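A.B. asks: here's my sequence, what's the structure:
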Amino acid sequence: MNHNISLLRNFLIENLPWAGNDAVREGIMLLCIALCAVITYYVTKWILYGIGIIIDKTEAKWDDILIDHHLMRAVAQLAPALTVNSMLPAMLEASDPLHYWIKLLTSLYVLGAVIRIVCIFIDNAYSTFLYLPRLQRYAIKGIFQMVKLVVMGIGLIVALSIVLQREPATIVAAIGASAAVLMLVFRDTILGLVASVQLSANKMLQRGDWIVCDSHNVNGEVEDVSLTTIKIRNWDNSVSTIPPYTLISDTFRNYQEMRKLGGRRVERSINIDINSVRFLAPDEIAALDKAGLLAGLNIPCPDRIINLQLLRLHLEQFLKNDPRVNTNMIVMVREMQPTATGIPLQMYFFTNEVAWREFELIQSDIFDYIYATVNLFGLHMFQSPSGKDFSKTLFS
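C.D. replies: The predicted structure follows:
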C-alpha cells in the first residue's frame, strides 16, 4: 500500500503542475487518506453486517448477545483509524509537524477504540452469562468489572506513553512511586474487588438469594452484586446498598439453601400455666378418647396420664399428620425451661411451603388449632392479666 501511495505522490508532482506546492500536495494526499478511510469504514461495516446475518440465523441465542450490533459498530469505527495510521508514513514526511499531530491523534483514537471494543465484549460476555440458566445466578459481575478496570488501566498507561513518548515500563515505575496514594484513593474499590471474588469463589452469595444482615438492618433478596456495592431489595420494598467487604467482615444469613431444600422452619412457643398441669381423671381421658384426640398415641403410662404430656404427644402426632408439614425434617414438640410466665411449650417443625405468604398462613392455621386445643386437656395458657381479668376479680 505504501508503494502505491508513493506512486500517487509522484504522479501528482509530474502531471499536475499546481501539485508541486507542498500545501496543495499535502491537502490532496490528506483528501485521499480520508477517502480511503471512508471506503474502509463502509466495507468493514458491510462485512460485519453479513456476519451479523449469519449469527442471527443460528439456533443459539448466546452468540447474538456476545456479538451484537454495538460490538460490530465499534469494530467498524476502528477500521478508518487503522487505515490512516498505515497510510500516513507514505503520505507525509516524518519531519512534518502535521505528520506528528495526525499520528498522535490517530494512535490515541485507535487505542480508545480498542479499549471500547474490549469493554463492550466484556459487557456482552457478562450478559451471555446472565442468559445461560446454569450461570445466571452466580455473582460474577465484580469479576467482569475487575477485568474492565484492568483493561482501562493498561489503556491509560499506554496513552500516557504515547503522549509523553516514553516506554510503558517508565510510566508504570512512576505510578508505582505513588502506589500509597492510589491505595488510599481506591481503598473501597480494592476491598470490594477482593470481597466480590471471595463471595463468588466460595458461592456465599448469588443474585436472587434471600439474605439477612442484622448489623445493617438488611432483610431481602439480592438484586445486584457489583464491584463496590451489593443491592438488596428488602421485603418492605426499600432498597439497601452495602459494600461487599461488609459481608466478608460481618456475619450474614443466607436462606437460599432453605428454599432449595423445600422446608421453612417454625420455632414458636406457647406458655402453659404451671398450676394447670395435673393428672387426668378416667372420665377426662374417656372424653378425650371419644373426641378422637388420643388416636394413634403411644401413651407411656396409661394409669397415670399427665395432661401436659398428653398434649405434647397429641400435638406432635397432629403435626406429623398435617400434609403441609415436611416430615422429612425434624418435627418436635418440647418443653423448655420454666419461666415466670409459665412453661414454654415449643413447636419445632418445617413447612413444605417456603414462600412468605403461604408459610405465614400455614403457621397461623396450625397455631389456631393449638390455641383451641389446649383447654380440652385441662390446661391453661399463661398471659398477663388484662382489665377484664381485674374487673372479674374485683366484682366477684
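
A.B. asks: can you give me the strands for the stretch 251-396 of the chain?
C.D. replies: 253-254, 264-272, 332-335, 343-351 (DSSP state E, counting those that start in this stretch).

A.B. asks: contacts for the third one next, please.
C.D. replies: Contacts with strand 332-335, where a contact means Cβ atoms under 8 Å, 6 or more residues apart in numbering, come from 308, 312, 315-316, 319, 343-349. Yep, even glycine has a C-beta here, placed from its N, CA and C like the rest.

A.B. asks: quick revisit: single out the most deeply packed of the strands of the stretch 251-396 of the chain.
C.D. replies: Comparing the strands of the stretch 251-396 of the chain by mean neighbour count (mean count of other Cβ atoms under 10 Å), strand 343-351 ranks first with a mean of 20.

A.B. asks: next one: that strand to chain centre, how far?
C.D. replies: 35 Å (Cα atoms, centre = their mean, to the nearest Å).

A.B. asks: again with stretch 162-171
C.D. replies: The answer for stretch 162-171 is 39 Å, by Cα atoms, centre = their mean.

A.B. asks: ends of that stretch, how far apart?
C.D. replies: From its first residue to its last, stretch 162-171 covers 10 Å (Cα to Cα, to the nearest Å).

A.B. asks: buried ones in the helix or strand residue 101 falls within, by neighbour count?
C.D. replies: Remark: residue 101 resides in helix 97-131, with elements defined by DSSP states H and E. Judged by neighbour count (16 or more other Cβ atoms under 10 Å), helix 97-131 contains these buried residues: 99, 102-103, 106-107, 109-111, 113-124, 126, 128-129.

A.B. asks: any idea how many residues pack against residue 298?
C.D. replies: 6 (other Cβ atoms under 10 Å).

A.B. asks: show me what contacts it?
C.D. replies: residue 313.

A.B. asks: got phi/psi on it?
C.D. replies: Backbone geometry at residue 298, expressed as degrees, to the nearest 10, gives phi -100, psi 90.

A.B. asks: and it, how far from residue 317?
C.D. replies: Taking Cβ to Cβ, to the nearest Å as the measure, residue 298 falls 9 Å from residue 317.

A.B. asks: ok, now residue 106?
C.D. replies: 84 Å.

A.B. asks: do the same with residue 270
C.D. replies: Distance from residue 270 to residue 317, by Cβ to Cβ: 17 Å.

A.B. asks: likewise for residue 308?
C.D. replies: In terms of Cβ to Cβ, residue 308 sits 15 Å off from residue 317.

A.B. asks: now residue 228
C.D. replies: Distance, residue 228 to residue 317, using Cβ to Cβ: 54 Å.

A.B. asks: could you do residue 280 as well?
C.D. replies: In terms of Cβ to Cβ, residue 280 sits 17 Å off from residue 317.

A.B. asks: now residue 282
C.D. replies: 22 Å.

A.B. asks: and the two? Which one has more around it.
C.D. replies: Per other Cβ under 10 Å, whichever of residue 282 and residue 317 has more neighbours is residue 317, with 18 against 9.

A.B. asks: per-residue confidence at the closest residue to residue 147 other than its chain neighbours?
C.D. replies: Nearest residue to residue 147 in three dimensions, chain neighbours excluded: residue 122, at 5.6 Å (Cβ to Cβ, 6 or more residues apart in numbering). You'll see residue 122 listed with a pLDDT of 85.

A.B. asks: residue 141 versus residue 122, what's the distance?
C.D. replies: 11 Å.

A.B. asks: for the stretch 201-350 of the chain, which spans come out with low pLDDT?
C.D. replies: 201-202 (pLDDT under 70).

A.B. asks: swap the cut-off to 90 and go again
C.D. replies: Along the stretch 201-350 of the chain, the parts satisfying pLDDT under 90 run over 201-210, 213-217, 223-230, 235-237, 241-262, 281-286, 288-305.
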